[in-house]
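*Asks:* Predicted model follows, preceded by the sequence.
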Amino acid sequence: MRRAAAALLATLTILALSSCGSPAKSKAAPLEPASTAAAASATGEPAVTPSPSGPGSSPSGKPSAKPSTSPSTSRSPSRSPGTGGLPKDVVKRTGSDSVALTFDDGPDPVNTPPLLDVLKQNNVKATFCLVGFRARDYPAIVKRIADEGHTLCNHTWQHLQDFSTRDDSYVRWDLKATNDAILAAAPGAKIKYFRAPYGNFNTRLDGFAAELRMKPIHWEVDDESWRTDKYGVGPAMIDRITKQVQNNTRRGSIVLSHDNKKPWTATAYASLIPWLKARFELIGLPE
Ligand SMILES: [Zn+2]
């Protein structure tokens, strides 16, 4: 029964996959890796044995259910991304006058390609914080991100809400599996950055990231593209993203946005990028 309870808890937890800042908003079917990881954790064992196909995979190497690509419109309560008490080594700014756009939670087969198109049309590099199992499932998009010169960032295997409290063996496995999935799609690519789900960093996580030569990156500007409960979707959200970025970006900012399940992001940035380019140098974070 305890295993079943742990699996149920993990199922609820995995519903937090919708974005960095919004827990428990998606009604998508639970993903197999979460249940497996939680069940293994409850036994005190490492979550899974690393394998080329990833954790908790079905024999085909695919999750039992892929997340929906439609935007979440549920009205669950949400909270702000964690911004207090960050370890000192976590970077919130670029360290120069340049501004870095970061896009989290993909790759998304629907919403990442049009965003890449916008970036390419404007000759702008950005940083993509990728979720491991999605990198495994959509390798062609990962390869395109790398081939087009964007910076890669590890955003953990499955964006667990309680990632920061997972035991050492799970965290070490998760970060490595995510990098492996990215590198399987884009051999030789550099993955120099790590972003904890919801920005919930701690020195222990950062230590494991450092073992893989990744620096922890937070953000200074949150475009609030995850706050559909408050700001809605479609034109209302495009307006919100635009105002957030225009009102808060300054020299040296790292800007947080999302591509996964966020069809309005590419549209918003199609207008925002020329505006930003007129005021700032836009960079992918240095590799
Ligand atoms: Zn995220």
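*Replies:* Received the coordinates, thanks.
*Asks:* spatially speaking, which residue is in the middle of the protein?
*Replies:* For the chain, the residue nearest the mean C-alpha position is Asp105 (3.0 Å; C-alpha atoms, centre = their mean).
*Asks:* My guess is that residue contacts Cys153. True?
*Replies:* No. Asp105 is beyond contact range of Cys153, at 11.0 Å (criterion: C-beta atoms under 8 Å). Any C-beta I mention is one placed from the backbone N, CA and C, and that applies to glycine too.
*Asks:* any common contacting residues for these two?
*Replies:* Cys129 (C-beta atoms under 8 Å, 6 or more residues apart in numbering).
*Asks:* And Thr156, how far from Lys125?
*Replies:* Using C-beta to C-beta, to the nearest Å, Thr156 is found at 23 Å from Lys125.
*Asks:* Among the two, which residue is more densely surrounded?
*Replies:* Thr156 (23 against 16; other C-beta atoms under 10 Å).
*Asks:* Can you point out the helix or strand that includes the more buried one?
*Replies:* Here Thr156, judged by DSSP states H and E, is contained in no helix and no strand.
*Asks:* Over to Lys120?
*Replies:* Here Lys120 is assigned to helix 112-121, by DSSP H and E.
*Asks:* Same question for Lys192.
*Replies:* Going by DSSP H and E, Lys192 is in strand 191-194.
*Asks:* helices and strands around that strand, which ones?
*Replies:* Judged by 3 or more C-beta pairs under 8 Å, 6 or more residues apart in numbering; DSSP states H and E, the packing partners of strand 191-194 are strand 151-154, helix 168-185, helix 203-211, strand 215-216.
*Asks:* wait, does the first one make contact with the ion?
*Replies:* Looking back up the chat, that one is strand 151-154. No. With C-beta under 5 Å from the ion as the criterion, the ion is not reached by strand 151-154; the gap is at least 10.3 Å.
*Asks:* I'd like to check what contacts that strand. Which residues are they?
*Replies:* Outside strand 151-154, the residues that reach it (C-beta under 8 Å, 6+ apart) are 102, 125-130, 132, 145-146, 175, 178-179, 182, 186, 189-195, 209, 212, 214, 217, 284-287.
*Asks:* I figured Leu205 hits Tyr170, correct?
*Replies:* No. Counting by C-beta under 8 Å, Leu205 sits too far from Tyr170 to count as a contact (11.2 Å).
*Asks:* which stretches of this protein form helices?
*Replies:* Counting by DSSP state H, the chain has helices at residues 2-14, 32-42, 112-121, 132-137, 139-147, 168-185, 203-211, 228-231, 235-248, 264-277.
*Asks:* tell me the most buried of these?
*Replies:* helix 132-137 (a mean of 26; mean count of other C-beta atoms under 10 Å).
*Asks:* touching the ion at all, that one?
*Replies:* No. Interface with the ion: helix 132-137 contributes nothing (C-beta under 5 Å from the ion), its closest point being 11.1 Å away.
*Asks:* Output that helix as PDB, restricted to C-alpha atoms.
*Replies:* What follows is helix 132-137, C-alpha atoms only, in PDB (Å, rounded to 0.1, in the frame of the first residue of the first chain):
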ATOM      1  CA  GLY A 132      15.100  15.000 -20.500                       C
ATOM      2  CA  PHE A 133      12.300  12.800 -21.500                       C
ATOM      3  CA  ARG A 134      11.100  15.300 -24.000                       C
ATOM      4  CA  ALA A 135      14.600  15.500 -25.500                       C
ATOM      5  CA  ARG A 136      14.500  11.700 -25.800                       C
ATOM      6  CA  ASP A 137      11.100  11.800 -27.500                       C
END
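*Asks:* Check the offset of that helix from the chain's centre.
*Replies:* Relative to its chain's centre, helix 132-137 lies at 11 Å (C-alpha atoms, centre = their mean, to the nearest Å).
*Asks:* Let me know the average pLDDT across that helix.
*Replies:* Across helix 132-137, pLDDT averages out at 98.
*Asks:* what helices or strands is that helix leaning on?
*Replies:* Looks like helix 132-137 contacts helix 168-185 (3+ C-beta pairs under 8 Å, 6+ apart).
*Asks:* Just the angle for the helix it packs on relative to helix 139-147, thanks.
*Replies:* Between helix 168-185 and helix 139-147, the angle comes out at 80 degrees (axes from the mean of the first three to the mean of the last three C-alpha atoms, to 10 degrees).
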